[in-house]
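[1] A structural model of the following input is requested.
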Amino acid sequence: MGVPEIGLILVVALLLFGPEKLPELAKQAAGFVRTVRRMADNAKNDLGREMGEDFSDLNLRDLDPREIVRRNFLDDDTTPAATKETRILRPGERPPFDSEAT
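    Have a look, this model is predicted:
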């Protein structure tokens with residue numbers, strides 16, 4: 001949300017609730033946000049405690065499928081060196097053969 005949207009919300013709230021009730025509503029909204037954040041932190045801590053030490057440094061964003069695709073397929077810096085060094089074979093040239101790979 002940008003500044004114009006926030007301004008529009010404030011004007012509508014001022015017209016609907018009036019200047020007397022607006023500070024109390026803002027205080028309630030702030031308390032609600034604090035409560036939701038505390039609940040999310042507690043849930044995250046409980047999840048980390050239940051999963052054990054192996055997952056203590058787990059970031060929940062790492063579980064997002066979009067992040068997994070972005071990290072593994074779209075990031076050029078993490079491409080293996082063998083993939084970067086491939087080249088097109090000349091006509092009649094035999095491809096490299098690794099007897100240990102088969």
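[2] low-scoring pLDDT stretches of the protein, where are they?
    55-58, 75-85, 102 (pLDDT under 70).
[3] where exactly do the helices run in it?
    3-51, 65-69, 81-84 (DSSP state H).
[4] Mind putting the ones you listed into a markdown table with mean neighbour count and distance to Pro95?
    Quick note: C-beta positions are derived from backbone N, CA and C, even for glycine. Shown next, in a markdown table, are those (neighbours: other Cβ atoms under 10 Å; distance: least, Cβ to Cβ, whole Å):
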| stretch | mean neighbour count | distance to Pro95 |
| --- | --- | --- |
| helix 3-51 | 10 | 45 |
| helix 65-69 | 10 | 30 |
| helix 81-84 | 7 | 14 |
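[5] Let's have these in a markdown table, adding distance to Ser99.
    Shown next, in a markdown table, are these (distance: least, Cβ to Cβ, whole Å):
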| stretch | distance to Ser99 |
| --- | --- |
| helix 3-51 | 43 |
| helix 65-69 | 35 |
| helix 81-84 | 17 |
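[6] closest to Gly92 out of those?
    Closest of those to Gly92 is helix 81-84, at 23.6 Å (criterion: Cβ to Cβ).
[7] where's the spatially most central residue of the chain relative to Asn42, distance?
    Centroid check for the chain by Cα atoms, centre = their mean gives Arg61 as the closest residue, at 4.0 Å. Per Cβ to Cβ, to the nearest Å, Arg61 is found 19 Å from Asn42.
[8] circling back to that earlier point, mind checking the helices of the chain for the one nearest to Glu100?
    With Cβ to Cβ, the closest approach to Glu100 among the helices of the chain belongs to helix 81-84: 14.7 Å.
[9] show me the residues around the residue nearest to the centre of the chain that make contact.
    Glu67 (Cβ atoms under 8 Å, 6 or more residues apart in numbering).
[10] Also Gly92?
    Gly92 touches nothing, counting by Cβ under 8 Å, 6+ apart.
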